[in-house]
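**Student:** This is a predicted model, with the sequence first.
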Amino acid sequence: MTPVNTPLDTTIDPTIVGAPLANDEVVDVLNDLLENCRDGEFGFRACAEEVESDAVKRLFSDRAIQCKAAEGQLIQMITAYGGQPVEGGTTSGALHRGWVHVKGTLGANSELSMLESCERGEDMAIARYRKALKQNLPADVRGLVSQQAEGAQRNHDQIRDLRDAARQRD
């Protein structure tokens, strides 16, 4: 696995060979990313509920809105390829959000703790985008996936930097 702190390369991998994916395979890739976006949206909203800082609340809320917009783009692409968008997010995403709320209930919901939780979520998102970009995707799908992958990387880097700053304050 490529470390998350390395820049995300969204160019076409020259080692990808073979025919492009069939429409149902493209839909499977897109649905995986759709679940990922929903996990991100729900996760950022959960973290926003648990922090006290207005600035961090706004950051998490803004990221949730971005995830919702990415979700809409994926749904359009899934439909264009003749697929049916999946419902909900992943089980691991639901467990992660549950843990965030448990930490809040126990008083372990510091800004640092929530930033660490969000960074872990973005690590998972980047890994899923990297996996998708290793597929022989049609050009329009690759363009959308690349754009969203770059956004996930920017989110990760910003949250990582805020986490590092919070660690220095604590």
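**Tutor:** That came through, no problem.
**Student:** Please state the offset of the lengthiest helix in the chain from the chain centre?
**Tutor:** Using DSSP state H to define each element, the chain has its longest helix at helix 139-169. Here the centre of helix 139-169 is set off from its chain's centre by 8 Å, with CA atoms, centre = their mean, to the nearest Å.
**Student:** Tell me the helices and strands packed up against it.
**Tutor:** Secondary-structure packing of helix 139-169 (3 or more CB pairs under 8 Å, 6 or more residues apart in numbering; DSSP states H and E): helix 23-50, helix 54-80, helix 111-133. Every C-beta, even on glycine, is put in place using the N, C-alpha and C of the backbone.
**Student:** Just want the angle from it to helix 23-50.
**Tutor:** Here helix 139-169 points in a direction 20 degrees away from that of helix 23-50 (axes from the mean of the first three to the mean of the last three CA atoms, to 10 degrees).
**Student:** buried set for helix 139-169?
**Tutor:** 141-142, 144-146, 148-149, 151-153, 155-157, 159-160, 162-163, 166 (16 or more other CB atoms under 10 Å).
**Student:** and Glu87, which of the helices and strands packed on helix 139-169 is closest to it?
**Tutor:** Nearest of the helices and strands packed on helix 139-169 to Glu87, taken as CB to CB: helix 23-50 at 9.0 Å.
**Student:** just checking, what packs against that closest one?
**Tutor:** Packing partners of helix 23-50 (3+ CB pairs under 8 Å, 6+ apart): helix 54-80, helix 91-105, helix 111-133, helix 139-169.
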